[in-house]
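In: Mind folding the following:
(chains A and B)
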Amino acid sequence: MTAIAQYVKSLFLKELFQGMAVTLRHMFGHKITVQYPEERTPQSNRFRGLHALRRYPNGEERCIACKLCEAACPALAITIESAERDDGSRRTTRYDIDLLKCIFCGYCEEACPVDAIVLTRIFDYHGEKRSDLYYTKQMLLAVGDKNEAQIARDRQQDAAYR
Amino acid sequence: MLHQTVQSMFGPGAPLVWALLGIVGIILPLLLCVAYLTFWERKVLGWMQVRIGPNRVGPWGLLQPIADGLKLVFKEIIVPAKANSGLYIIGPAMAFATALAAWAVVPFADGYVVADIDAGVLYLLAMTSMGIYGVIISGWASNSKYAFFGAMRSAAQMVSYEIAMGLALICVLMVSASLNISEIVHGQARGYFAAHGAGILSWNWLPLLPMFVVYLISGLAETNRAPFDVVEGESEIVAGHMVEYSGMAYALFFLAEYANMILVATMTSIFFLGGWLSPVGFLPDGFPWLAGKACFVVFLFLWFRATFPRYRYDQIMRLGWKVFVPLCLVWMLVVGVWMMSPANIWK
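Out: This is a model prediction of the structure:
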């Protein structure tokens, strides 16, 4: 009996019509496409995008050249050189991140004792040659200066869970 | 009016000029339809996959096919070093030329046909069969494994479904008693149902319903459309016979495929859906009906593509030889007996 039912089912292409009903329903259904440059998906405040170096409100850079981020980095993307500044404090003379090596794991941010290196929400940056994606200290500080408000807000929001 | 102008301008050469005008009058709109069919396909597939589809180039993305065409025109046509260059160039041209040549016998409305010949159906079958040569030649001439596999698959598939298609058409020929395509359409306006005022029921799709399904599915296989697209199955053999082609040569295969799609849709409308006949009595017959029916069948093709997964090669062969061919043979017998019996509805 089941064999006959099966035969009748296949003869009248029942399941094919069911499948077509599904696609037809979707054709007139709501579309989930996000039209990117105009529309964006919501982002978490923990989003790990482009790196930035932060400063204190008085303009002093946070980084104390402890090199914990360099040690934590699994991709060896960070290169730091440090020297003593005139006022006796230890500061970086070089802080480079090779974004082509970076895997955006966020370990550098976790390792940092002074919240100097952070990952921002910026994900749509580009470089036209490889060297464009080799970010130096000045470039990282510039990213930080430009987005400090957003960075601070995101850290504030997350502070309770740290 | 136009006829007289042509006559006075070209004198004895007028029939030739007239034929050329007819050809241009068909091919130009056809190419435009092909271009926008690719756009429509991407839109429909997008909608059915809960996407929007192309909408960036021009208003509502309407210039997308133009942009695609321009891109392909400006690309280099690369001939592989070990390819047979003569055949390599002829391949796409053959595929495309046959796809266009078949339109000569397609009646767009009563009397509107370039060549109103009595063996129209034969010519049509011959032309669609010739299209296979373009595919096989290009696959062979490319001198590449994947292209060759694609060509072999398409040869086997198209030849198998040609048979089912031909047998399905034989039933149509039996009931309309003519090989002239216009006459086949006229035949669908006669019969028991038409005499009782229900013309739509006397079209061949209902009395010959199994043949309608066989023809539609065979047409799908014949044009290498999903779910019968093993010929160019992307996940298996990259792009089949077109894998070595680039630029406009590649585009010619696409134009041929889509022109064939429109052709098969139009032929399905003519053979089974009453061609240019109006489904309701109070509206006049005419070309818009044929266009509407063809659009519907083309939409079915896109709908199938969005819905069904690709057939495996042996399943395609099984469907063609073990299901369609016997079904057609049996139905031929049934129609024969039906026509001889008192219940004949085609008188």
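In: Leaving out the residues flanking it, which one is nearest to B:Leu87?
Out: Excluding its sequence neighbours, the residue lying closest to B:Leu87 (Cβ to Cβ, 6 or more residues apart in numbering or on different chains) is B:Ala141, at 3.6 Å. C-beta coordinates here come from the backbone N, C-alpha and C atoms, glycine included.
In: I'd like to know how far that neighbour sits from chain A.
Out: Computed as Cβ to the nearest Cβ, to the nearest Å, the B:Ala141 to chain A distance reads 37 Å.
In: That residue reaches B:Pro80, doesn't it?
Out: No. Counting by Cβ atoms under 8 Å, B:Ala141 does not reach B:Pro80; the two are 9.2 Å apart.
In: ok so, going back, ok, the residue nearest to B:Leu87 - how many residues close by?
Out: Close neighbours of B:Ala141, defined as other Cβ atoms under 10 Å in any protein chain shown, add up to 24.
In: show me the contacts for it.
Out: Applying Cβ atoms under 8 Å, 6 or more residues apart in numbering or on different chains, we find B:Ala141 in contact with B:83-88, B:90-91.
In: Run a quick neighbour tally on B:Leu333.
Out: 10.
In: and the lowest-mean-pLDDT helix or strand in chain A, how far from the chain's centre?
Out: Every helix and strand in chain A was compared by mean pLDDT, DSSP states H and E; the lowest is helix A:2-11, with a mean of 80. Offset of helix A:2-11 from its chain centre (Cα atoms, centre = their mean, to the nearest Å): 54 Å.
In: Buried residues of that helix, list them for me.
Out: Counting neighbours by 16 or more other Cβ atoms under 10 Å in any protein chain shown, one finds that helix A:2-11 has no buried residues.
In: That helix and chain B, are they touching?
Out: No. Figure legend: helix A:2-11 not in contact with chain B (Cβ under 8 Å from any Cβ of the partner chain); closest approach 10.0 Å.
In: okay, and the common contacts of B:Ala141 and B:Pro80?
Out: Residues touching both B:Ala141 and B:Pro80 (Cβ under 8 Å, 6+ apart) are B:Tyr88.
In: distance of the residue nearest to B:Leu87 from B:Leu20?
Out: 31 Å (Cβ to Cβ, to the nearest Å).
In: B:Trp331 touches B:Met211, doesn't it?
Out: Yes. Using Cβ under 8 Å, B:Trp331 is in contact with B:Met211, at 5.9 Å.
In: Check the contact lists of those two and give me the overlap.
Out: With Cβ under 8 Å, 6+ apart as the test, B:Trp331 and B:Met211 both reach B:Cys171.
In: Which of those two has more residues huddled nearby?
Out: Counted by other Cβ under 10 Å, B:Trp331 and B:Met211 do not tie: B:Met211 has more neighbours, with 29 against 20.
In: my read: that one touches B:Leu329, true?
Out: No. Applying Cβ under 8 Å, one finds B:Met211 not in contact with B:Leu329, separated by 11.4 Å.
In: how close does the residue nearest to A:Ile97 when sequence neighbours are not counted sit to A:Ala52?
Out: Distances taken as Cβ to Cβ, 6+ apart put A:Tyr135 closest to A:Ile97, at 4.9 Å, once the chain neighbours are dropped. Between A:Tyr135 and A:Ala52 the distance is 9 Å, computed by Cβ to Cβ.
In: list the residues that contact both of the two?
Out: With Cβ under 8 Å, 6+ apart as the test, A:Tyr135 and A:Ala52 both reach A:Val143.
In: quick one, longest helix in chain A?
Out: For chain A, the helix reaching the highest residue count under DSSP state H is reported as helix A:137-158.
In: And the helices in the stretch 151-300 of chain B, which stretches?
Out: Assigned by DSSP state H, counting those that start in this stretch, the stretch 151-300 of chain B shows helices spanning B:181-188, B:192-195, B:199-202, B:209-222, B:234-237, B:247-272, B:287-307.
In: out of those helices, nearest to chain A?
Out: helix B:287-307 (4.6 Å; Cβ to the nearest Cβ).
In: how near is the residue nearest to B:Leu87 to B:Gly134?
Out: 11 Å.
In: repeat for B:Ser235
Out: On the measure of Cβ to Cβ, B:Ser235 and B:Gly134 end up 24 Å apart.
In: okay, those two: which has more neighbours?
Out: Shown here are B:Ser235 and B:Gly134; by other Cβ under 10 Å, B:Gly134 has more neighbours (25 against 6).
In: Could you check the pLDDT of the nearest residue to the more buried one once chain neighbours are set aside?
Out: Distance criterion Cβ to Cβ, 6+ apart; nearest residue to B:Gly134, sequence neighbours excluded, is B:Ala95 at 2.9 Å. B:Ala95 carries a pLDDT value of 86.
In: Equivalent analysis for B:Ala291, please.
Out: B:Ala291 is given a pLDDT of 88.
In: Ok, the one 10 residues further on next?
Out: B:Phe301 carries a pLDDT value of 91.
In: near chain B, which residues of chain A?
Out: A:16, A:19-20, A:22-24, A:26-33, A:35.
In: if we go to 6 Å?
Out: Counting by Cβ under 6 Å from any Cβ of the partner chain, the positions of chain A adjacent to chain B are A:19-20, A:23, A:26-27, A:31-33.
In: Write the PyMOL selection for whichever of these are buried.
Out: Buried members of the residues of chain A next to chain B, defined by 16+ other Cβ under 10 Å, are picked up in PyMOL with:
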select buried, chain A and resi 19+20+23+26+27
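In: Just give the closest residue to the residue in the stretch 51-200 of chain B positioned nearest to chain A, not the sequence neighbours.
Out: For the stretch 51-200 of chain B, the residue positioned closest to chain A under Cβ to the nearest Cβ is B:Ile52, at a distance of 4.5 Å. Once flanking residues are discounted, B:Ile52 sits nearest to A:Thr33: 4.5 Å by Cβ to Cβ, 6+ apart.
In: quick one: that neighbour is in a strand?
Out: No. Under DSSP: H, G, I helix; E, B strand; the rest coil, A:Thr33 falls outside any strand and is assigned coil.
In: Does it touch B:Arg51 like I think?
Out: Yes. A:Thr33 sits in contact with B:Arg51 when judged by Cβ atoms under 6 Å, with a separation of 5.1 Å.
In: Check B:Ala194 and give its pLDDT.
Out: 69.
In: repeat for A:Leu133
Out: For A:Leu133, the predicted pLDDT is 92.
In: How many residues are close by it?
Out: Quick note: A:Leu133 (other Cβ under 10 Å) scores 16 neighbours.
In: Same question for B:Lys322.
Out: 10.
In: Likewise for B:Arg190?
Out: 15.
In: wait, what's in contact with A:Gly127?
Out: A:Leu133 (Cβ atoms under 6 Å, 6 or more residues apart in numbering or on different chains).
In: For chain A, which strand extends over the most residues?
Out: strand A:90-98 (DSSP state E).
In: That strand packs against which elements?
Out: For strand A:90-98, the packing partners by 3 or more Cβ pairs under 6 Å, 6 or more residues apart in numbering or on different chains; DSSP states H and E come out as strand A:78-84.
In: For A:Leu119, see how far away A:Phe47 is.
Out: From A:Phe47 over to A:Leu119 (counting by Cβ to Cβ), the distance is 8 Å.
In: Please consider this matter closed, and thank you.
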